[in-house]
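Enquirer: Okay, structure incoming, though there's no sequence with it:
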C-alpha cells in the first residue's frame, strides 16, 4: 500500500489560484453587507455537509434543492461584487496590453487636461476647503460614466477653478450632487452617484464621502471630496477612501489620473 501522497506542480498551482481568488473575494466584500451574507451561506453549506455525513436523507434532499439554485442566488446577491471583480480585471493595464486593447479603451479626450487645468482643479479644492464649501468631484479614467452624466445637468466647459467654485457655491442650484470631469472638460454637474453599502466606514463621514466610495467601487473613476463640516480634502479610489490628504498628495494623484503616461496607479 502506497502511504505517500503524490503532489504535482499543477496541484500546487491549483491551491495557489484558489487561495488568490478567495483573497480577492475577501477584499471585495470586506466591510460590506455581502460579507455577512457570504458567511451565512458558508455556514449553510457546512451544515449540509454534516447532514450528508450523518445520512439524514430528508434534510439532505431539502438542503440539496436549496443549494441547487445557489449559483443563481449568488449572482443576484453579489451582483455588485461580481461587477467590481470584472471591472478590476478589465481595467488592468497589463490585461489590456496583452489583448492589444489599450488604444481602444484609451480615449484621447480622457488624456488632454493641461498642467494649468490641473493646477486650477487643485486651487479650486484648496479654496473650497478654506471656505468649508462642500464638493464632490468625480474624474473619469477609461470609463466615461455616461449613465451618471445623464442624471445631472450637462455643462461641457473647460476646467476652471472659478467655474468649479461657482458650481459648488451654497446658493447655486447645481451645488448638490457631483461634478463629473472627463479629460479637460467639466461634462456635467448635480449628478447622482451610487451610495456604498460598506459598513466599516467612519460613521462621521457624510453622504458625499459614501457617494465617492460608491462610484469608485462601480467604476475606475477617482473622486475628490471637500468636507463642508471640517474643510478637509479626501480622495476615493477603487472603493477605498483616503481622508484629509494634503494638496501635494492630491496633485500627485491627479497627475497620474489626468496625465496617465505610465502604469503607476498605486
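Expert: All right, it came through fine. In this text, all values refer to a predicted model and were calculated from it rather than measured experimentally.
Enquirer: Tell me, please, where in this structure the pLDDT is lower than the cut-off.
Expert: Scanning the chain for pLDDT under 70 picks out the ranges 1-5, 28-34, 68-71, 73-74, 77-113, 259-266.
Enquirer: so where do the helices sit in it?
Expert: Under the criterion DSSP state H, helices of the chain are mapped to 9-29, 33-53, 57-68, 70-77, 79-90, 93-98, 102-105, 115-130, 146-149, 161-167, 207-218, 247-258.
Enquirer: Highest mean neighbour count out of these?
Expert: Compared across the helices of the chain, helix 207-218 shows the largest average neighbour count, a mean of 22 (mean count of other C-beta atoms under 10 Å). Quick note: C-beta positions are derived from backbone N, CA and C, even for glycine.
Enquirer: which residues sit against that helix?
Expert: Residues from elsewhere that reach helix 207-218, judged by C-beta atoms under 8 Å, 6 or more residues apart in numbering: 80, 83-84, 87, 134-136, 138, 145, 148, 178, 193-196, 198, 201, 221-225, 227-228, 234, 236-241, 243.
Enquirer: out of these, which are buried?
Expert: Among the contacts of helix 207-218, those classed as buried by neighbour count (16 or more other C-beta atoms under 10 Å) are 80, 84, 87, 134-136, 138, 145, 148, 178, 193-194, 196, 198, 221-225, 227-228, 234, 236-239, 241, 243.
Enquirer: what about stretch 155-166, start to end distance?
Expert: One end of stretch 155-166 sits 13 Å from the other (C-alpha to C-alpha, to the nearest Å).
Enquirer: now it, how far from the centre of its chain.
Expert: Distance of stretch 155-166 from the chain centroid (C-alpha atoms, centre = their mean, to the nearest Å) equals 25 Å.
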